[in-house]
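>>> no sequence on this one, just coordinates:
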């Protein structure tokens, strides 16, 4: 209830009786932290770093306390020290990424967020941070992927609405119409394609394949309306998944596989409208008014068929880095 002093008094009584009790000491440090008495919080937490009962939350709180006292280097040292003990902690990678991001070290920040996705794929905050960062970079494709996964992990959260707008704006920034006869597409700066003589396969990184597929289908997607809106993006995303699935049929991808599942259920238009709704709220409201039964059926289906992210099916830049296509298929 915000009564930190009373909380601290009670917790001090407990820690005097049970000085080695980790939970009581952690809560005392947390109370000091909430009171913004970061040095006292640090003093308590430092003693329990090697305690067998400690968790990654201790290193998260300790590192953040260091950061808030103006010592980001000590904060990073603490997070990485915690990662040696808890290598699967997405929250410690997240906090390290935030420190790097605050100091404009964006590549380091993205690396931390993505390592956090790899380490703990069910922790949504790293997806949000990575998406927010990468959607404003030259590698928008990964921002789009992470952002959509995050929305599906927390569909009713405030952050889902924020990310919906970010995704819409990213499409708008990546697909341009400079004149009546030209469409410019820029989701990535990686345009590598090379032949692997050992396997006899054409090797195309995921982001390159994404942009190639996009470049192929954009003329059809925006033939009738050269504008980025919910209707044209629904057409674009529908054509994309159909074409991409044909080319990369041997490669699994949890998000694109989920798209195919939604399409088979007949709800992809409703899903796309809902996913990108904050980019054009008026258009979304009009669509819902004109398609109420479609939207109701989609919501019913969606609640029964959520996207499930596991260690086995997780998506990251690392897992999707290389897509192998046979030379015959490419021909």
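Everything's here; your move. This is a predicted model, so every value here is computed, not measured. Residues are numbered from 1 along each chain as shown.
>>> what sits up against stretch 128-135?
Contact partners of stretch 128-135, identified using C-beta atoms under 8 Å, 6 or more residues apart in numbering, comprise 94, 97-98, 101, 106, 109-110, 113-114, 117, 140, 142-147, 150, 159, 163, 166-167, 169-170. No exception for glycine: its C-beta is placed from N, CA and C like everyone else's.
>>> gap between that stretch and the chain center?
On the basis of C-alpha atoms, centre = their mean, to the nearest Å, stretch 128-135 sits 6 Å off its chain's mean C-alpha point.
>>> Buried residues in that stretch, which are they?
By 16 or more other C-beta atoms under 10 Å, the buried positions in stretch 128-135 come out as 128-135.
>>> can you tell me which of the residues you listed are in helices?
Counting by DSSP state H, the buried residues of stretch 128-135 place 128-134 in helices.
>>> Just send the residues you listed back as a markdown table, with distance to residue 301 and pLDDT too.
Formatted as a markdown table, those follow (distance: C-beta to C-beta, whole Å; pLDDT from 0 to 100):
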| residue | distance to residue 301 | pLDDT |
| --- | --- | --- |
| 128 | 25 | 98 |
| 129 | 30 | 98 |
| 130 | 28 | 98 |
| 131 | 25 | 98 |
| 132 | 29 | 98 |
| 133 | 32 | 98 |
| 134 | 30 | 98 |
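>>> May I ask which two of those residues are separated the most?
128 and 134 (11.2 Å; C-beta to C-beta).
>>> Give me the residues contacting stretch 47-55.
Under C-beta under 8 Å, 6+ apart, the answer for stretch 47-55 is 20, 22-23, 25-26, 58-59, 62, 81, 85-86.
>>> Closest one to residue 290 out of these, please.
Set against residue 290, the nearest of these by C-beta to C-beta is residue 86 (50.2 Å).
>>> so the closest one makes contact with residue 58?
No - if you go by C-beta atoms under 8 Å, residue 86 and residue 58 don't touch, sitting 9.6 Å apart.
>>> tell me the contacts of the spatially closest residue to residue 162 that is not a sequence neighbour?
Spatial nearest neighbour of residue 162, excluding adjacent residues (C-beta to C-beta, 6 or more residues apart in numbering): residue 278 at 7.6 Å. If a contact means C-beta under 8 Å, 6+ apart, then residue 278 has 161-162, 164-165, 168 as its contacts.
>>> In helices only, show me the residues you listed.
The helices, defined by DSSP H, take in 161-162, 164-165, 168 from these.
>>> From these, list just the buried residues.
Among the ones in helices among the contacts of residue 278, those buried by neighbour count (16+ other C-beta under 10 Å) are 162, 164, 168.
>>> got those as CSV, with pLDDT and distance to residue 246 columns?
As requested, those are arranged in CSV below (pLDDT from 0 to 100; distance: C-beta to C-beta, whole Å):
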residue, pLDDT, distance to residue 246
162, 98, 34
164, 98, 28
168, 98, 26
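>>> in the stretch 151-300 of the chain, which spans are helices?
Here the stretch 151-300 of the chain has its helices, by DSSP state H, counting those that start in this stretch, at 158-174, 206-221, 230-247, 254-265, 268-275, 281-290, 292-304.
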